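Undergrad: Quick one: sequence plus predicted model below, questions after.
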Amino acid sequence: MSDDIESQLRAALRPVAPSEEFSQRLAASVASRHLTARKGRRSGARLHPLAWWFSASLAASLILAVGVHQHLEQQRLQQSGLEARREVLEALRVTSQKLNLAYEAVKSQSTSLTDEGNSV
Amino acid sequence: MRKCISIVFWLLTPTLALAAPNPRLAIPSFSALAQKATESVTITLDPGLLGLAAKFLDSNDPQEAATKDVLKGLQGIYVRSYTFDKDASYQQSDIDAVRSQLAAPGWNRLVETRSRKTHADVDIYIMVDHDQAIGLALIASEPRQFTIVNIVGAIDLDKLHKLEGQFGVPKLDIDPAKAAPAAPK
């Protein structure tokens, strides 16, 4: 009885070679998975340069914007500086003109006093 | 005790600030006169603008180098000048608002000229603090023009002396040693 069961088990668990159809399906499945993986990698590689270009153009735009801003700021500062310089020179011109007026008045007074002194 | 000292300090601080001489004049806007004037000069240079102007003065040019040197101690230059096409276009009261400020302690009249020939009056005031000129005010009134100049800051007369003969600055023969002490009003 026990020999019978044992022989039945052995028969059931004996190594069996896969059928031709199973081998073909397995090979096809492995090939299709490999292809999908390669396709995925390829599409990732296509996205990468786009992202790089996007980052590069963004950085370039930022650098350009900062450069333009600095240039405009520099120009504005230069204009203000030249205007301030002009105003300083104008202020000195007006001041000196009035100092000259005072000087002439003082000089003419002292001259008239000297003339009076000489005539006495 | 410490609290008492700090209270006294805080109470005295505004008083001390008020007591400090202020060489900056409150110049009116003169907007009505500016409209009537044929020519007007309005210059307001605060410390920031003076510093900026100094940067744009050429150190290699003797005249500009001397100007740059004068600007170093200054905190402000304020000029108002109006020219009219006919006599008596402005009232004396317009100037009096400024002139009255020069009666404040600290201001000393350095020069007062009255010309009967040209009807030009020039008053030059100087504010001296610790033997150092810290402010200058000039009021010039002529029949068709009046000018107010207020220079604020440490005015180095030695440096100002170097400007003589330049910008039309006359040779005033200013002796800095004599000019520095406060002149009687």
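TA: Noted; the coordinates are in hand.

Undergrad: Do I have it right that B:Ala53 meets A:Ser80?
TA: No. Applying CB atoms under 8 Å, one finds B:Ala53 not in contact with A:Ser80, separated by 9.2 Å. In this view, the C-beta of every residue, glycine as well, is placed from N, C-alpha and C.

Undergrad: So for those two, which sits in the more crowded spot?
TA: Set B:Ala53 next to A:Ser80 and count neighbours by other CB atoms under 10 Å in any protein chain shown: B:Ala53 wins out with 25 against 15.

Undergrad: What helix or strand is that one located in?
TA: B:Ala53 is located in helix B:47-55, with elements delineated by DSSP states H and E.

Undergrad: measure A:Pro49 to A:Arg38 for me?
TA: According to CB to CB, to the nearest Å, A:Pro49 stands 18 Å off from A:Arg38.

Undergrad: List, one by one, the residues from chain B near chain A.
TA: For chain B, the contact set with chain A under CB under 8 Å from any CB of the partner chain comprises B:41, B:43, B:45, B:49-50, B:52-53, B:55-57, B:67, B:71, B:77, B:79, B:81, B:111, B:113-115, B:117-118, B:120, B:122, B:124, B:138, B:140, B:142, B:147, B:149, B:151, B:163, B:167-170, B:172.

Undergrad: Out of the residues you listed, which sit inside helices?
TA: Among the residues of chain B next to chain A, the members falling in helices (DSSP state H) are B:49-50, B:52-53, B:55, B:67, B:71.

Undergrad: Of those, which is the most crowded?
TA: Most surrounded of these: other CB under 10 Å gives B:Ala53, at 25 neighbours.

Undergrad: ok, that residue - contacts?
TA: A:81, A:84-85, A:87-88, B:45, B:71 (CB atoms under 8 Å, 6 or more residues apart in numbering or on different chains).

Undergrad: so can I have TSV of the residues you listed showing pLDDT and distance to A:Leu58?
TA: Shown next, in TSV, are the contacts of B:Ala53 (pLDDT from 0 to 100; distance: CB to CB, whole Å):
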residue	pLDDT	distance to A:Leu58
A:Gly81	93	34
A:Ala84	94	38
A:Arg85	93	40
A:Glu87	94	43
A:Val88	92	44
B:Leu45	95	43
B:Leu71	90	45
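
Undergrad: could those residues go into JSON lines alongside distance to A:Ala65 and secondary structure?
TA: Shown next, in JSON lines, are these (distance: CB to CB, whole Å; DSSP: H, G, I helix; E, B strand; the rest coil):
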{"residue": "A:Gly81", "distance to A:Ala65": "24", "secondary structure": "helix"}
{"residue": "A:Ala84", "distance to A:Ala65": "28", "secondary structure": "helix"}
{"residue": "A:Arg85", "distance to A:Ala65": "30", "secondary structure": "helix"}
{"residue": "A:Glu87", "distance to A:Ala65": "33", "secondary structure": "helix"}
{"residue": "A:Val88", "distance to A:Ala65": "34", "secondary structure": "helix"}
{"residue": "B:Leu45", "distance to A:Ala65": "33", "secondary structure": "strand"}
{"residue": "B:Leu71", "distance to A:Ala65": "36", "secondary structure": "helix"}
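
Undergrad: which of the residues you listed lies closest to A:Ala105?
TA: A:Val88 (26.2 Å; CB to CB).

Undergrad: give me the number of residues near the closest one?
TA: Residues lying near A:Val88 (other CB under 10 Å) number 26.

Undergrad: do you know how far it is from B:Glu39?
TA: 19 Å.

Undergrad: all strands for chain B, in order.
TA: B:39-45, B:74-83, B:107-114, B:121-129, B:132-142, B:145-153 (DSSP state E).

Undergrad: packing partners for the third one?
TA: Other helices and strands packing on strand B:107-114, by 3 or more CB pairs under 8 Å, 6 or more residues apart in numbering or on different chains; DSSP states H and E, are helix A:20-119, strand B:121-129.

Undergrad: Show me what the longest one is packed against.
TA: In this case it means helix A:20-119. strand B:39-45, helix B:47-55, helix B:62-71, strand B:74-83, strand B:107-114, strand B:121-129, strand B:132-142, strand B:145-153.

Undergrad: tell me the most buried of those?
TA: strand B:145-153 (a mean of 23; mean count of other CB atoms under 10 Å in any protein chain shown).

Undergrad: do you know how far B:Leu52 is from B:Val41?
TA: B:Leu52 is 19 Å from B:Val41, by CB to CB.

Undergrad: Shouldn't A:Ala17 be within a helix?
TA: No. Read with DSSP: H, G, I helix; E, B strand; the rest coil, A:Ala17 is coil and lies in no helix.
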